[in-house]
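Q: Using only what follows, build the 3D model:
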Amino acid sequence: METYTPTERTQVKRLAKRGVYDHARVHAILDEGFICHVGFAVDGQPYVIPTGYARAGDRLYLHGSAASRMLRALGQGAQLCVTVTLVDGLVLARSAFHHSMNYRSVVVLGQARVVTDPEEKTAALSRFTNHVVPGRWEEVRQPTEQELKSTTVLALELDEVSAKVRTGGPIDDEEDYALPIWAGVVPLRVEADDPLPDARLPEGIPPFDRRRLASRQS
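A: Residues are numbered from 1 along each chain as shown. All right, here's what the predicted structure looks like:
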C-alpha cells in the first residue's frame, strides 16, 4: 500500500494510533469534502480562510479572485497549511470529560505555485466544478478569456500530508459504565435535499437529479 512518509511536521504525535498516511484513505477524505481551510501568515498576522478545492492525483488545487490577498501571498511562496475535516458522529459518553466526535481529517503543509500553463489551469477549473457535481463542467458554459484572467489557480503538491481518524464509541472510566446515563454515537452525514430551481429558469429544463452527488463518494 502506498503511503505518505511522515515528517517532523506531519507525524501525528498525540493519539498516534489515529494517524493515517496511506494514499487511498487520504485521497478519499479529500474527495468527499467540499471546503478546506487555508492557514497562512502575512507580516506576522495569521489568517485561516475557508475555500473550495479539488484534487488531481497527488496535487491539490486552490482558486479564487486574482485580487485575493490569500492567493497573492501564497503565490509569492508563503508557507501554508491546508486542512479538511469531515465529522461523522457525536460521541456521547457517560462523563463530560470523555465526550468526543468521530471524524476524518487531513492536514497538508507546503508551498503552492501559481498555475500559468493554460491547459493545466483549465483542467484544474474543470476539476473544481466536477468536484462539487460530477459531470457539471461538461454541461455548462466554459469560462471566457476575461474570466480566466480574473481567476488565479494555485497548485499544492501532496508531499507533507497526514490524516487523523477517530471511530467507535465512547471510552469511559470503568467506574462510570454503571451510571444510568445513555451513551453511544449519534451518526452525522451530509445529505442533499430537494433542489430549488432558479427563479429565472426557462420552462422545459429537466430538474437537477440530486442522486448525481452520490457518485462523489463512489
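Q: Please count neighbours and contacts with C-alpha atoms only from this point.
A: Noted.
Q: In a helix, Ala214, correct?
A: Yes. Per DSSP: H, G, I helix; E, B strand; the rest coil, Ala214 lies within a helix segment.
Q: Distance check, it against Ala124.
A: Noted for Ala214: a distance of 22 Å to Ala124, by Cα to Cα, to the nearest Å.
Q: Name the residue in those two with the higher neighbour count.
A: Ala124 (24 against 12; other Cα atoms under 10 Å).
Q: Looks like that one contacts Leu60 (just checking).
A: No. With contact defined as Cα atoms under 8 Å, Ala124 does not count as touching Leu60 (9.2 Å).
Q: so what's in contact with the two at the same time?
A: Counting by Cα atoms under 8 Å, 6 or more residues apart in numbering, the contacts common to Ala124 and Leu60 are Ala54.
Q: Identify each buried residue in whichever helix or strand Val48 is part of, please.
A: Per DSSP states H and E: Val48 is located in strand 45-52. The neighbour-count criterion (16 or more other Cα atoms under 10 Å) identifies 48, 52 as the buried residues of strand 45-52.
Q: Give the next helix or strand downstream of the strand ranked longest in the chain.
A: Among the elements of the chain assigned as strand by DSSP state E, the one spanning the most residues is strand 79-92. As assigned by DSSP H and E, the chain's next helix or strand after strand 79-92 is strand 100-111.
Q: who does the helix or strand just after that following strand pair up with?
A: Next helix or strand after strand 100-111 toward the C-terminus (DSSP H and E): strand 113-114. In its sheet, strand 113-114 lies beside strand 151-157 (antiparallel), with partners assigned from DSSP bridges.
Q: roughly how far out does the partner strand sit from the chain middle?
A: Centre-to-centre, strand 151-157 and its host chain are 15 Å apart (Cα atoms, centre = their mean, to the nearest Å).
Q: picking that back up, report the rounded mean pLDDT for the strand holding Val48.
A: For strand 45-52, the mean per-residue pLDDT is 94.
Q: From the rest of the structure, what touches it?
A: Here strand 45-52 has contacts from 34-41, 62-63, 70, 128, using Cα under 8 Å, 6+ apart.
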